[in-house]
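In: This is the structure alone, sequence omitted:
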């Protein structure tokens, strides 16, 4: 039986990917810069700054409905953003010659930009910048090229909720929660079924305490884990990542498997085991991503009538403190996509295809931001 885990060790090196084919979208923006010229108005350097800010304003407006990771990556450039470099790469293209308006009283010049933006090319370039330092034209920045990251994900299916009541004798100190016993079985297709207590609340009745609980029945989905892993690798490979290590050789992968099969609380001893094994494998691994890929129970799509599932990726970025212990340095934002297809399996596959690019880009963003703040 294959363990439903993904462990990838990725060397963060220069990205070599090129932009995918996409239709550029029209963008407009304006930017203002101050000047201190006594005669003749603003010089070309001041106008360059105003035009740079106009293009940046146009891009910010255009990506306002894109992923948080893309917006965060672009904002992180700050004054290192070079419109000349972006134009050379075909990311931004001017449609109409930029217009400038000068205000002699305030000694400012305002630039107006009207052009086209290739969002796919922008996303790929920002990921490339994260690898080579987070800047465009030669600015010193944050390089991730020598770091590695270990990535653990567990794929789980939501099968059903089981509600139950369990009475226990009341003691002097009220019992808060009690974990339900978990059952586990292996099937021929490599899927393990677990039942886990996710939510509990305490109600006192007479001399006893009733625990009202919901047990979540999980199926740990090895095929979806494999597909998600392949999607992450494809996205990473297009950016130049390599040196992949399988997690099946690490004992802690089985421990994480069992813990996620029983719920969302990972015992501290498992984190310690993961940290020890990862550091033993390679001292160059600076961060570990631990998370889940969860699928909802299937429903019927109201338009097509076909199976519809919701896939959600979540997780956290861990680093090592001075004592070699894991510490949380960032959380991946929750990423969810619906898949609709003729079968439940194909619906999950579609959701995975939609999630992999955003998930890998989010990981890159969190790592580059962490590196920048060190």
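Out: That came in fine, so what should we check first? It should be emphasised that the depicted structure is a prediction, and the values quoted were computed from it without experimental measurement.
In: And the strands in the stretch 51-200 of the chain?
Out: Secondary structure of the stretch 51-200 of the chain, counting by DSSP state E, counting those that start in this stretch: strands at 92-103, 108-117, 133, 142-143, 148-169, 184-186, 192-205.
In: same question, the stretch 251-374 of the chain
Out: Along the stretch 251-374 of the chain, the segments classed as strands by DSSP E, counting those that start in this stretch run 285-295, 299-300, 307-320, 326-340.
In: just checking, what packs against the last one?
Out: Contacts of strand 326-340 with other secondary structure elements, assessed using 3 or more CB pairs under 8 Å, 6 or more residues apart in numbering; DSSP states H and E, are made with helix 268-281, strand 285-295, strand 307-320, helix 344-373. Using the backbone N, CA and C atoms, a C-beta is placed for each residue, glycine as well.
In: again with the third one
Out: Applying 3+ CB pairs under 8 Å, 6+ apart, one finds that strand 307-320 makes contact with helix 268-281, strand 285-295, strand 299-300, strand 326-340, helix 344-373.
In: and with 10 Å instead?
Out: In this structure, strand 307-320 makes packing contacts with strand 148-169, helix 222-237, helix 268-281, strand 285-295, strand 299-300, strand 326-340, helix 344-373, judged by 3 or more CB pairs under 10 Å, 6 or more residues apart in numbering; DSSP states H and E.
In: domains of this structure?
Out: With domains defined by automatic domain parsing, the chain comprises 5-14+145-157+220-373, 25-117, 167-214.
In: from these, which stretch is densest packed?
Out: Most buried of the domains of the chain, by mean neighbour count (mean count of other CB atoms under 10 Å): domain 5-14+145-157+220-373, with a mean of 19.
In: Go through the helices and strands packed on strand 307-320 and name the closest to residue 127.
Out: Distances from residue 127 to each of those were compared using CB to CB; the shortest belongs to helix 344-373, at 5.5 Å.
In: okay, the angle between that closest one and strand 307-320?
Out: In this structure, helix 344-373 runs at an angle of 30 degrees to strand 307-320, with axes from the mean of the first three to the mean of the last three CA atoms, to 10 degrees as the basis.
In: what sits against residue 296?
Out: The contact partners of residue 296, by CB atoms under 10 Å, 6 or more residues apart in numbering, come to 157, 158, 308, 309, 310, 311, 312, 336, 338, 348, 351.
In: circling back to that earlier point, and the helices and strands packed on strand 326-340: which comes nearest residue 75?
Out: With CB to CB, the closest approach to residue 75 among the helices and strands packed on strand 326-340 belongs to helix 344-373: 10.2 Å.
In: Pop out the phi and psi values for residue 106.
Out: The phi/psi pair for residue 106 (degrees, to the nearest 10) reads phi -90, psi -10.
In: Verify the stated contact: it with residue 33.
Out: No: in this structure residue 106 lies outside contact range of residue 33 using CB atoms under 10 Å: 11.2 Å.
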